[in-house]
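whatever this is, show me its structure:
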Amino acid sequence: MNAILRSSIAGYALLLGAATASAEGLVAYEIVDGAIPASLTGKPGDPEAGRAALVNRKLGNCLACHTATDLGDEPFHGEVGPSLDGVADRWDEASLRMLVVNAKMIYEGTVMPAFHREAGLNRVMDSFAGKPILTAQQVEDVVAYLKTLKE
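Got it, this is the predicted structure:
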């Protein structure tokens, strides 16, 4: 099954399952050509809040795997994932949103977690079961911050 068809099926399934999600749970979104073109919240994200979520070890924890020059004041950058420097030049907003929501829709074998997903996950602690890592607004905030990281 090709990636676009998989994305469409997964997006449709999420739309059906998330139609009644709360503000803290999942929200419905549409996947178009392997990306999520529309904001999850209908409003722009806040880049400063996105940076805070990205470096927060209990939220995004992106620094566990990524580095970025802009984040040089934050300790302990990982090297598993690519540098975030220039990420806004490599990906458009819709693709960045898909990567944050569920990177496995783009890179099937990635170890990057799906930050706005709650089903089909492995080894989830009971206290985190049924909850996405990031809320829809936090996803939009992280995307807004990533859009500032240009070469």
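
assess the claim that A64 and E74 are in contact.
No: applying CB atoms under 8 Å, one finds A64 not in contact with E74, separated by 11.2 Å. No exception for glycine: its C-beta is placed from N, CA and C like everyone else's.

quick check: neighbours shared by the two?
The overlap between the contact sets of A64 and E74 (CB atoms under 8 Å, 6 or more residues apart in numbering) is empty.

quick one: contacts for the residue most central in space within the chain?
For the chain, the residue nearest the mean C-alpha position is V100 (1.3 Å; CA atoms, centre = their mean). V100 makes contact with F115, H116, L134, V139, V142, V143, L146 under the criterion CB under 8 Å, 6+ apart.

where's it, which helix or strand?
Assessed by DSSP states H and E, V100 sits inside helix 93-102.

which residue, neighbours along the chain excluded, lies closest to R51?
Closest residue to R51 apart from its sequence neighbours, by CB to CB, 6 or more residues apart in numbering: Y145 at 4.6 Å.

and K43, how many residues sit next to it?
Residues near K43, counting by other CB atoms under 10 Å, number 9.

and it, which of the three is it?
Three-state assignment for K43 (DSSP: H, G, I helix; E, B strand; the rest coil): coil.

which residues touch it?
Shown in contact with K43 (CB under 8 Å, 6+ apart): E140.

distance of it relative to Q137?
Applying CB to CB, to the nearest Å, the value for K43 to Q137 is 8 Å.

what about the helices in this protein?
Along the chain, counting by DSSP state H, helices occupy 3-17, 47-55, 87-90, 93-102, 136-146.

least confident of the ones you listed, on average?
With a mean of 38, helix 3-17 has the lowest mean pLDDT of the helices of the chain.

L121 reaches A114, doesn't it?
Yes: with contact defined as CB under 8 Å, L121 reaches A114; the gap is 7.3 Å.

of the two, which one has the most company?
The neighbour comparison of L121 against A114 (other CB under 10 Å) goes to A114, with 20 against 14.

quick one: the more buried one from K104, how far?
According to CB to CB, A114 and K104 sit 6 Å apart.

try E140
According to CB to CB, E140 stands 20 Å off from K104.
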